[in-house]
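Enquirer: below is the sequence, then the predicted model.
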Amino acid sequence: MTRRILPEIADWTAQRAAFRWSLPDRFNIAERCCDSWAAREPDRVALTHLDADLSRRDWSYGALKTASDRFACALRDRGVGRGDRVAILLAQGPETLIAHFAAYKLGAVALPLFTLFRADALAYRLKDSGAAVVIADPDKADEVATLRPDLPDLRHVFVRGTGGSLQAAIDGVDPNGFEPVKTRPDDPATIIYTSGTTGDPKGVLHAHRFLPGHLPSIEVSHPSMPDPGAVCWTPADWAWIGGLMDLAMPCLYYGARLVSHRMRKFNPETAYRVIADEGVTCLFMPPTALKLMRGKPVPEELPIASISSGGESLGADLLDWVETALKAPITEVYGQTECNLVLNAVPGRMSAPPGSIGLPVPGHDVQIQRADGAEASPGETGEIVVRKGTAAMFLRYWNKPEQTASKFRGEWLRTGDLGLRGDDGYFRFSSRDDDVITSAGYRIGPSEIEACLGAHPDVVMAGVVGVPDPLRTEAVKAFVVLRDGVVWSDELATALIDWVRARLSPHLAPRLIEPIDALPMTATGKILRRALREAP
């Protein structure tokens, strides 16, 4: 059963020119990622779940269909229908997929939530979304219970686990005769909340079409995924668009085997074991995970065929390590929750220079624009914008019409990210607009400096911010996490500053540098630079 969405044309420019979005009148994520495979090959393995001790259990497409049909009936019996929000407060695992598919089959809206959220973060998202149902682990269900008096829309909480109400609900209904609702590509499917690095988190409402919207990038990043035998895994939580849509759902769409594992804190040794033991061929790995893996011995003969990564700049040094040590091509991808996977730097398909985030993916028009909306000249820094019309673009922010309107300038979605396009046509990411450092008349993005410092043999990773300076407006300050056994000294600080000065430019070299045990991170693994700026 072929499901490729791109024309098989080797030349990137020709492939982009030939591609047109063509979506059916009816489209539902659960049907494409579960039921259609269950009808064709019910015993085909869809998911391998690894427990904490890495003991494993396989789930077939037929088993996922039966369980999600049953849970859809249980939700329907409790009044859940089209448009209702179903909060999924679960880590990677079969119950997460069952909950997603059950919601989609009812025309409801899945609301994935990160299991490390605490009370305030959960309360805001559950109240803002008006969630009708929550599915949670026992400890999180207890936390939700304390919030219920302030959640008037919440009608029911299902608890995962042996003897929990989730399993009882699945076992307690007969799905015979159940028919999923028919949805259109533009019908709402999922709300994913932004990280909230500036202001309140915003609920990004996506339609069912955002699954095919991701597929052009997936097909060029992981060309082996639609083939028999492909095995996919990401340590990124499925509550975020990177984990859910940069790998998990596309993997099931193509009928590949997906691996799930509840990793509360990323462990590089465990990651290597999962990859080796399960024969993982396709990976989505956040940059932070790759940096941690770089510090540990790499097993021989890993089965990896392709890796994709995004969220922070990888840097030439990390890219070189991946291709040398892991012996796999790595595609650097760019996008955001509102419109994901729009630029790719694909090894073997393009001659992207070091530091580039590549070219627009087929189906996406991307520009660099000045503040007045005019397209920037080659080499000129401006805002990265994406034209309306791609299937990957969000519908709107939940309950925030003014912020939805301000996200667009005419036909273009404003990412809030700064970048430039070189004379060769390749895009480079500079920084978030609010991360720009203005120093002595220069506009400086932190990513390039962070990548340079991270390439130093004594540094694991770095975060760079601007701090007030009476002469320069701002001075560049770097926070560095040192490798085990490295002792901080004034001499090392000077060496790191000289390292940047020699490899980038004197005006990019930090004037201040400070060791730190760990960088503050968003839940998606991005450096929380605001917290660094506010550090005493």
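Expert: Perfect, I can see it now.

Enquirer: please, where are all the strands along the stretch 101-250 of the chain?
Expert: For the stretch 101-250 of the chain, the strands identified by DSSP state E, counting those that start in this stretch occupy 109-112, 133-136, 156-159, 188-193, 203-207, 231-233, in order along the chain.

Enquirer: give me whichever of those is most buried.
Expert: Comparing those on average neighbours per residue, with mean count of other Cβ atoms under 10 Å, the densest one is strand 133-136 at a mean of 28. Placement of C-beta: from N, CA and C, glycine included.

Enquirer: does anything pack onto that strand? Which helices or strands?
Expert: Using 3 or more Cβ pairs under 8 Å, 6 or more residues apart in numbering; DSSP states H and E, the elements in contact with strand 133-136 are strand 85-89, helix 138-147, strand 156-159.

Enquirer: pull the CA atoms of that strand into PDB?
Expert: Presented in PDB, the C-alpha positions along strand 133-136 are these (Å, rounded to 0.1, in the frame of the first residue of the first chain):
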ATOM      1  CA  VAL A 133     -12.000  14.700  29.800                       C
ATOM      2  CA  VAL A 134      -8.600  13.900  31.100                       C
ATOM      3  CA  ILE A 135      -6.700  10.600  30.700                       C
ATOM      4  CA  ALA A 136      -3.800  10.500  33.200                       C
END
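
Enquirer: check the offset of it from the chain's centre.
Expert: Centroid separation for strand 133-136 versus its chain: 22 Å, with Cα atoms, centre = their mean, to the nearest Å.

Enquirer: check the secondary structure at Gln367 for me.
Expert: Three-state assignment for Gln367 (DSSP: H, G, I helix; E, B strand; the rest coil): strand.

Enquirer: name the residue closest to the centre of the protein, please.
Expert: Central residue of the chain (Cα atoms, centre = their mean): Gly242, 1.5 Å from the mean position.

Enquirer: what about the residue nearest to it when sequence neighbours are not counted, how many neighbours?
Expert: For Gly242, ignoring the flanking residues on the chain, the nearest one in space by Cβ to Cβ, 6 or more residues apart in numbering is Ala236 at 4.7 Å. Taking other Cβ atoms under 10 Å as the criterion, the count of residues near Ala236 is 26.

Enquirer: state the distance from Ala236 to Ser221.
Expert: Between Ala236 and Ser221 the distance is 14 Å, computed by Cβ to Cβ, to the nearest Å.

Enquirer: cool, and Leu492?
Expert: Distance from Leu492 to Ser221, counting by Cβ to Cβ: 38 Å.

Enquirer: with Pro510 instead?
Expert: Here the distance between Pro510 and Ser221 works out to 33 Å (Cβ to Cβ).

Enquirer: quick check on the two: which one has the bigger neighbour count.
Expert: Neighbours per residue, other Cβ under 10 Å: of Pro510 and Ser221, the larger number sits with Ser221, 30 against 23.

Enquirer: Gln92 reaches Val274, doesn't it?
Expert: No - judged on Cβ atoms under 8 Å, Gln92 makes no contact with Val274 at a distance of 11.3 Å.

Enquirer: need the residues touching each of these two.
Expert: In the contact map built from Cβ atoms under 8 Å, 6 or more residues apart in numbering, the residues linked to both Gln92 and Val274 are His261.

Enquirer: burial measure for the residue nearest to Trp412 when sequence neighbours are not counted, as a count.
Expert: In space, not counting the residues next to it along the chain, Trp412 is nearest to Val385; the distance is 4.1 Å by Cβ to Cβ, 6+ apart. Using other Cβ under 10 Å, Val385 has 24 neighbouring residues.

Enquirer: show me the contacts for Val385.
Expert: Remark: with contacts taken as Cβ under 8 Å, 6+ apart, Val385 is in contact with Val366, Gln367, Ile368, Gln369, Arg409, Trp412, Leu413, Arg414, Thr415.

Enquirer: where does the prediction get shaky in the stretch 151-300 of the chain?
Expert: Using pLDDT under 70 as the threshold, the predicted model of the stretch 151-300 of the chain has low-confidence ranges 195-199.

Enquirer: try 80 this time
Expert: Within the stretch 151-300 of the chain, the ranges that satisfy pLDDT under 80 run 162-163, 195-200, 228, 264.

Enquirer: same thing with the stretch 401-536 of the chain?
Expert: For the stretch 401-536 of the chain, the stretches with pLDDT under 80 are 431-436, 438-445, 447-448, 470-473, 504-505, 507, 522-526, 535-536.

Enquirer: could you pull out the strands in it for me?
Expert: With DSSP E, counting those that start in this stretch, the ranges of strands along the stretch 401-536 of the chain come out as 408-409, 412-421, 427-432, 437-439, 442-444, 459-469, 473-482, 512-515.

Enquirer: among those strands, which is nearest Arg209?
Expert: In terms of Cβ to Cβ, the element of those nearest to Arg209 is strand 412-421, at 15.3 Å.
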